[in-house]
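Participant: build me a structure from this.
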Amino acid sequence: MKIGRISRRRPDFRRLCKVDRSIRMAAGRPWSDVVSIVSESSSRISEYDTLDDGRYSQALDALNKLSELGTCAVTAVPLLMQAKASKRSYYYDNELSDWDAEEMARKRKRNELAQRHGLFLASVTRTLAAICAGRIDIMFEALHDPDGKVREYAADVLGEIGDPLAVEPLAQALEQPPGDDGYRAPRYAARALGRLQDTRVVGLLLSVLRDHKSARAAAAEALENHTQNDRVRDALIRSLKDQDINVRWGAAIALGSSRHPAAIQALIEVLDDRDGGLRIRAERSLKKSTGQVFSQAAQAK
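Facilitator: So this is what the prediction gives:
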């Protein structure tokens, strides 16, 4: 799996990915060294291939070097946004049958590749956050890019940065209509908001959970970091009975962060739900919050 060349189309955020005098002055090393590191690292990342152990390791090492440079590596942002768009060809499959050894081997290989690619993408996000923490305006601009994927990635990076300055831009992103390309930045914006430590976040996410057209499930899961709030916990417990199964899944995941008796009891009550996905998420959340193993079979005894 190779990233390939960057698209010729130049989104607006690219115009901000330039080096100015203040960045050069803050480098703390000869600027020629910085340019050399960015150039070499960018080349390694462009050659990233999940199937090639050498190129995979080199790409991860290159990401670490760019992270260490911070804002000095700002010119690499367009490439890194392209790297986040590298198509995932492998999907994790936990339905491993034991009746066909050959098929099991193939699935395990796909799972391994999916995990490797997931680690790469997570590293790209952390690198973008390290670079843009001091130039957060780049990601604010990217939230309005005509490319839906770029808008999603921008929200993801802002959540990783965790700066409260992102609350208002992400709140505006919640109002974006789904693009013709099928990408939905509001969902990513809701998830990003959930990672910010700001008093405005709870109200915003509760509003999204209540009546947003496309991001209710994302808002439910994003409230995971705020379950100590009584309003949040009560809303999530009610959401376990929502008509939208995705909202119910998100609520079950989020309640795993609460040790409140009401949350635990609500999760226990859905262990006999007819939806298997909800039961699995409730079991995992109960184990997370209580340290005990719960299951439908155990409840029946």
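
Participant: which residues touch residue 80?
Facilitator: Residues in contact with residue 80 (Cβ atoms under 8 Å, 6 or more residues apart in numbering) are 45, 66, 124, 127, 128, 131. C-beta here means a position set from N, CA and C on the backbone, and glycine is covered the same way.

Participant: now for the strand or helix carrying the first one, which elements pack on it?
Facilitator: It stands for residue 45. Following DSSP states H and E, one finds residue 45 within helix 31-46. Applying 3 or more Cβ pairs under 8 Å, 6 or more residues apart in numbering; DSSP states H and E, one finds that helix 31-46 contacts helix 53-69, helix 77-84.

Participant: again, 6 Å this time
Facilitator: helix 53-69 (3 or more Cβ pairs under 6 Å, 6 or more residues apart in numbering; DSSP states H and E).

Participant: pLDDT (mean, whole number) over the helix it packs on?
Facilitator: Throughout helix 53-69, pLDDT has a mean value of 95.

Participant: that one versus helix 77-84: what angle between them?
Facilitator: Relative orientation of helix 53-69 versus helix 77-84 (axes from the mean of the first three to the mean of the last three Cα atoms, to 10 degrees): 140 degrees.

Participant: so what touches helix 53-69?
Facilitator: Outside of helix 53-69, the residues within contact range by Cβ atoms under 6 Å, 6 or more residues apart in numbering are 37, 41, 44, 45, 47, 48, 49, 73, 76, 123, 127, 130.

Participant: what sits against the second one?
Facilitator: The one in question is residue 41. The neighbourhood of residue 41, defined by Cβ under 6 Å, 6+ apart, consists of 62, 65, 66.

Participant: same question, the first one
Facilitator: Counting by Cβ under 6 Å, 6+ apart, residue 37 touches residue 65.

Participant: which stretches of the stretch 101-250 of the chain have low pLDDT?
Facilitator: Low-confidence segments of the stretch 101-250 of the chain, defined by pLDDT under 70, are located at 178-183.

Participant: was I right about residue 173 contacting residue 142?
Facilitator: No. The pair residue 173 and residue 142 does not pass the contact test of Cβ atoms under 6 Å, sitting 10.3 Å apart.

Participant: about what we covered before: which one of the contacts of residue 80 is nearest residue 228?
Facilitator: Distance ranking of these against residue 228, using Cβ to Cβ, places residue 128 first at 29.9 Å.

Participant: report how many residues lie close to that closest one.
Facilitator: Residue 128 is surrounded by 30 other residues when neighbours are defined as other Cβ atoms under 10 Å.
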